[in-house]
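Student: Need coordinates for the below:
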Amino acid sequence: MASTETKTTESKTTVTKAVTTELAGVEAGLDALDVVTPVGRTPFRRTFVDKILPPIIATALLLVVWQITFKTVDDPTKLVSPLDVGRTIQAAWLEGKLLGYIWTSVSRGLLGFLFALAIGTPLGLLVARVKFVRAAIGPILSGLQSLPSVAWVPPAVLWLGLNNSMMYAVILLGAVPSIANGLVSGVDQVPPLFLRAGRTMGATGLKGTVHITLPAALPGYVAGLKQGWAFSWRSLMAAEIIASFPDLGVGLGQLLENGRNASDMSMVFEAILLILFVGIAIDLLIFSPLERWVLRSRGLLVKS
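Tutor: The predicted structure is shown next:
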């Protein structure tokens, strides 16, 4: 009898040790998942192959296709070669005008976007959190977002005249709906559990908005900001092309219109390439890093 009890006790002890060992292994595995493995500096060769070489190849192929098409068309009034456009850009640089073209448009675009950000953010929060406001102006915001920005240029000229205020008004009307709708979309995707947990900890009203709602809505908000900048830039180009005036200075849109009036295809393509360059540069320098930071902070993007 005593021998049987001893065997039973030993068996229980063995099972307990096995379970304890297994749980310890599981706990160690979970702890290992929480440990951030130090990542060394990425070799330049890998960075070059993964990030630098692909756009270089794509640009080279585009230039080859452009040159072949130019040879096929063989009409300088309809299409010029990449070398001709390069010479035009070089001449503008040597004359000291190139940076002026870019800065005139970029300064307007960024300032107008900041104004749109200051208006669109509280408007988006108001629409997202107040049912009556959403029912009243939510459809209007969606309609304004789908309205081409160029449609606002004629009334803005009639209301404000040919000045910078008209430019900013067109940018606001184009960008504010996108920013507001992006924030509304982000707030709608916030899990209700986050809001309940915030209220339980006393984060209500403005405190809940700042510490719970806005951080949780960041992915949708950043997407709205990115789209809002695109609308700002397109709105500005439309305003500069249509409402050209010497006192406004020569921006990229005005440069494009000057090329059309002079039937100078090299100048036209110069303006197009500069507009494209600025759009890509702003995205790479501002919005792509911001988007990566938001994704990485939520564990959706592993830094390698």
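Student: In the chain, what helix or strand scores lowest on average pLDDT?
Tutor: Comparing helices and strands within the chain by mean pLDDT, DSSP states H and E singles out helix 2-34 as the least confident, with a mean of 49.
Student: Quick check: Leu290 touching Val222?
Tutor: Yes. Under the criterion of Cβ atoms under 8 Å, Leu290 makes contact with Val222 at 5.9 Å. (Each C-beta comes from the backbone N, C-alpha and C, glycine too.)
Student: Who has more neighbours out of these two?
Tutor: Counted by other Cβ atoms under 10 Å, Leu290 and Val222 do not tie: Val222 has more neighbours, with 19 against 14.
Student: low-scoring stretches of this protein, by residue?
Tutor: Low-confidence regions of the chain, defined here as pLDDT under 70, cover residues 1-42, 48, 203-208, 300-304.
Student: Quick check: the most centrally placed residue in it vs Phe287, distance?
Tutor: What sits nearest the mean C-alpha location of the chain, by Cα atoms, centre = their mean, is Lys226, with 2.8 Å. In this structure, Lys226 and Phe287 are 5 Å apart, going by Cβ to Cβ, to the nearest Å.
Student: and if you look at Phe44?
Tutor: Counting by Cβ to Cβ - Phe44 and Phe287 are separated by 25 Å.
Student: More neighbours: the two, which one.
Tutor: It is Phe287, of Phe44 and Phe287, that has more neighbours when counted by other Cβ under 10 Å, with 17 against 9.
Student: any chance you could map the strands in the stretch 1-150 of the chain?
Tutor: Taking DSSP state E, counting those that start in this stretch as the test, none of the stretch 1-150 of the chain falls into strands.
Student: Which residue ranges of it form helices?
Tutor: Taking DSSP state H, counting those that start in this stretch to define them, one finds helices in the stretch 1-150 of the chain at 2-34, 44-47, 53-73, 82-94, 98-129, 131-146.
Student: Could I have the CA atoms of the shortest one written out in CSV?
Tutor: Spelled out, that is helix 44-47. The C-alpha coordinates for helix 44-47 follow below in CSV (Å, rounded to 0.1, in the frame of the first residue of the first chain):
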residue,chain,number,x,y,z
PHE,A,44,25.0,50.1,-48.7
ARG,A,45,25.0,47.4,-51.4
ARG,A,46,21.7,46.1,-50.2
THR,A,47,20.3,49.6,-49.9
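Student: Enumerate every residue touching Asn258.
Tutor: By Cβ atoms under 8 Å, 6 or more residues apart in numbering, the contact list for Asn258 reads 244, 250, 264, 267.
Student: The same query, at a cut-off of 7 Å, please.
Tutor: With contacts defined as Cβ atoms under 7 Å, 6 or more residues apart in numbering, Asn258 is in contact with Met267.
Student: Please, which helix or strand holds it?
Tutor: Using DSSP states H and E, the element containing Asn258 is helix 252-261.
Student: Could you pull out the buried residues of that helix?
Tutor: 252-257, 259 (16 or more other Cβ atoms under 10 Å).
Student: Return the distance of the helix or strand that that helix is followed by from the chain's centre.
Tutor: Following the chain from helix 252-261 toward its C-terminal end, the next helix or strand by DSSP H and E is helix 265-282. Its chain's C-alpha centre lies 19 Å from the corresponding centre of helix 265-282 when counted by Cα atoms, centre = their mean, to the nearest Å.
Student: Buried residues, the helix or strand that comes right after helix 265-282. List them.
Tutor: Tracing the chain past helix 265-282, the next element assigned as helix or strand by DSSP H and E is helix 288-297. Residues of helix 288-297 classed as buried by neighbour count (16+ other Cβ under 10 Å): 291, 294.
Student: ok, back up a step: I figured the residue nearest to the centre of the chain hits Ser288, correct?
Tutor: No. With contact taken as Cβ atoms under 7 Å, Lys226 and Ser288 are classed as non-touching, separated by 9.0 Å.
Student: now the spatially closest residue to Val85 that is not a sequence neighbour: how far from Ala175?
Tutor: Sequence neighbours aside, Phe269 is the residue nearest to Val85 in space, at 4.6 Å (criterion: Cβ to Cβ, 6 or more residues apart in numbering). When Cβ to Cβ is the yardstick, Phe269 and Ala175 sit 27 Å from each other.
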